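[1] Sequence and predicted structure below; questions after.
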Amino acid sequence: MLEKLKSFRAFISPLAAFFVGTMLTSLAFSLLSSSLAIRLNAQVSTFTSGIVMSLYYVGYILATLSSYKIINRVGHVRAFSAYISILSALVLLHAVYFSAIYWAFLRLMEGYCLASATICLESWLNSRSNNKNRGVVMSFYMVTTYLGAACGQLLLNMPDESGMLTLIVISVLYSVALVPISLTALPSPDVSKHKSMSLKQLYTTAPVGVVGCIVSGVLVGGVYTLGPIYAEKTGLPLYGVSLFMFFCILGGMLAQTPIGRLSDKMDRRFVMMWCSGGLFLVAPWLHIFVSGETWQLIGAALLLGCGTFVLYPICVSHVNDKIDDEERVEACGLLILLQSVGMVLGPIMISYLMQKFGAISFPLAFSVANGVFVLFAFKHISFKPNVDYVTQSKTDPVPVTQSHVYPEIAKFDTLVDMAKKSLLRKKGRL
């Protein structure tokens, strides 16, 4: 047991700065989404709130179509720093003026910046893992993501009538998140070589992972965008809303590591199907317990989070198992694009149903989405029972060699190494 603990520590410790930056970014994102959703719902209709908040994910879609070019040009660290800096400034602009149209534009730009930063992080992380440990690495990444997101919900209880203090705290959190990522010793991926990949190629490679990302977007977008509104419509006070959101995200966090380990030991498609099948069965019953006793609220939120947040990292791991290192940046962008499509369509459709039929539409929509995905996954597993995974990954999370952003730099370093070896030969040391 002690040896396993030491091995795990040696495996994860080089990624510590990476995970700290991720956690702070998620903390800020979570607090921003919930606080804006509550403030919007107090001034405009539920359907309008759903549209404004979902434009965040339209920004995600735009980012997946263009930001990879900047990442491949300047490298992961510089690109991440630039996007998070802009995001920190955009947050404060919410305090300047209130208008549904103005806030929709800000949400669009915020989505663009955070999606671009996420592409940096996820493609970087997948390039530092391999097929045998990718599930665990991605699960640990999601643990830090949801730990930050869960803590962000608790910050909703800050005494702040004007909302200005909340925006300042969010801006500061984004700025501080830059520090560990900028100073990490973990080498950036080599962006001098990259392959293009189309959506058709990605679907042909891993259809279950592709469709799973869309369904994941519907679920995650529904929770982040409409979760606070749903909890409020069931009659919960602000404390109850923050409790519901906290334990929902905490449930997703607690499920990450065991599900990630399980997906490393078997066909990941089965794990996806079982997780979605479980949420398909329990989602309609959660509505009964949300407005009940505190322990019932906590239990319902934990179950909803467990089923909602585990799907995306398994889909990403499944797809990355079957592609080359040079394809990861664009593949990551496409996966985020697919999830963003779900994040845009999901809140819009669910908010319309909630306005027309009431709060019960929220858990019922989750059940329907998961039921459709289970049928799709079962169909493809029955047609292709054996998955031939690519064993191309030669990378390891431990930083061993420095990556180069430009081929000219790589050539220069090679010449320097040759000159050193030549000098040592002359001195008789080599």
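    All right, it came through fine. Residues are numbered from 1 along each chain as shown.
[2] hey, let's count contacts and neighbours off CA atoms from now on
    Fine.
[3] Poorly predicted segments of the stretch 51-200 of the chain, please.
    128-135, 160, 163, 184-197 (pLDDT under 70).
[4] all strands for it, in order.
    Read by DSSP state E, counting those that start in this stretch, the stretch 51-200 of the chain holds no strands at all.
[5] residue ranges of the helices in it, please?
    Ranges of helices within the stretch 51-200 of the chain are 76-92, 100-127, 134-154, 164-183, 199-205, based on DSSP state H, counting those that start in this stretch.
[6] which helices and strands sit right next to the first one?
    Using 3 or more CA pairs under 8 Å, 6 or more residues apart in numbering; DSSP states H and E as the contact criterion, the secondary-structure elements in contact with helix 76-92 are helix 100-127, helix 164-183.
[7] Which residues does that helix contact?
    Helix 76-92 is contacted by residues 70-71, 106, 109-110, 113-114, 116-117, 120-121, 124, 167-168, 170-172, 174-175, 178, 181-182, 188-189 when judged by CA atoms under 8 Å, 6 or more residues apart in numbering.
[8] Out of these, which end up buried?
    71, 106, 109-110, 113-114, 116-117, 120-121, 124, 167, 170-172, 174-175, 178, 181-182, 188-189 (16 or more other CA atoms under 10 Å).
[9] Touching, V271 and S263? I think so.
    Yes: contact criterion CA atoms under 8 Å: V271 and S263 qualify, at 6.2 Å.
[10] who touches both of the two?
    The contact sets of V271 and S263 overlap at I314 (CA under 8 Å, 6+ apart).
[11] neighbour count winner among those two?
    Neighbour totals were compared for V271 and S263, and S263 leads with 24 against 20 (other CA atoms under 10 Å).
[12] Relative to G307, how far out is that one?
    S263 is 15 Å from G307, where distance means CA to CA, to the nearest Å.
[13] Repeat that for A16.
    27 Å.
[14] and what of K69?
    Applying CA to CA to K69 and G307 gives a distance of 34 Å.
[15] neighbour count winner among those two?
    Taking other CA under 10 Å, K69 and G307 do not tie; G307 has more neighbours (27 against 13).
[16] That one - nearest residue in space that isn't next to it in sequence?
    Excluding the flanking residues, the one nearest G307 by CA to CA, 6 or more residues apart in numbering is L279, at 5.3 Å.
[17] Now the strand or helix carrying the one you found - C-alpha only, CSV.
    Taking DSSP states H and E as the definition, L279 sits inside helix 268-290. Extracted in CSV, the C-alpha atoms of helix 268-290 (Å, rounded to 0.1, in the frame of the first residue of the first chain):
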residue,chain,number,x,y,z
ARG,A,268,-14.3,2.7,-21.8
ARG,A,269,-17.5,2.5,-23.8
PHE,A,270,-19.0,0.1,-21.3
VAL,A,271,-18.2,2.5,-18.5
MET,A,272,-19.9,5.4,-20.4
MET,A,273,-23.0,3.3,-21.0
TRP,A,274,-23.3,2.1,-17.4
CYS,A,275,-22.9,5.6,-16.0
SER,A,276,-25.5,7.1,-18.3
GLY,A,277,-27.8,4.1,-17.7
GLY,A,278,-27.6,4.8,-14.0
LEU,A,279,-28.6,8.5,-14.3
PHE,A,280,-31.3,7.5,-16.8
LEU,A,281,-32.9,5.4,-14.0
VAL,A,282,-32.5,7.7,-11.0
ALA,A,283,-32.9,11.2,-12.5
PRO,A,284,-36.8,11.3,-12.5
TRP,A,285,-36.9,10.4,-8.8
LEU,A,286,-34.5,13.1,-7.7
HIS,A,287,-37.1,15.9,-8.0
ILE,A,288,-39.0,14.3,-5.1
PHE,A,289,-36.0,14.6,-2.7
VAL,A,290,-34.6,18.0,-3.7
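[18] What is that helix packed up against?
    helix 207-221, helix 238-265, helix 294-309, helix 311-320, helix 361-383.
[19] Pull the distance from it to the chain's centre.
    Relative to its parent chain, helix 268-290 has a centroid offset of 20 Å by CA atoms, centre = their mean, to the nearest Å.
[20] hmm, who's touching that helix?
    Contacts for helix 268-290 (CA under 8 Å, 6+ apart): 208-209, 212, 231, 234, 244, 259, 262-263, 296-298, 300-301, 303-304, 307-308, 310-311, 314-315, 318, 360, 363-364, 366-371, 373-374, 377-378, 381.
[21] Could you tell me the angle between that helix and helix 134-154?
    With axes from the mean of the first three to the mean of the last three CA atoms, to 10 degrees applied, the angle from helix 268-290 to helix 134-154 works out at 20 degrees.
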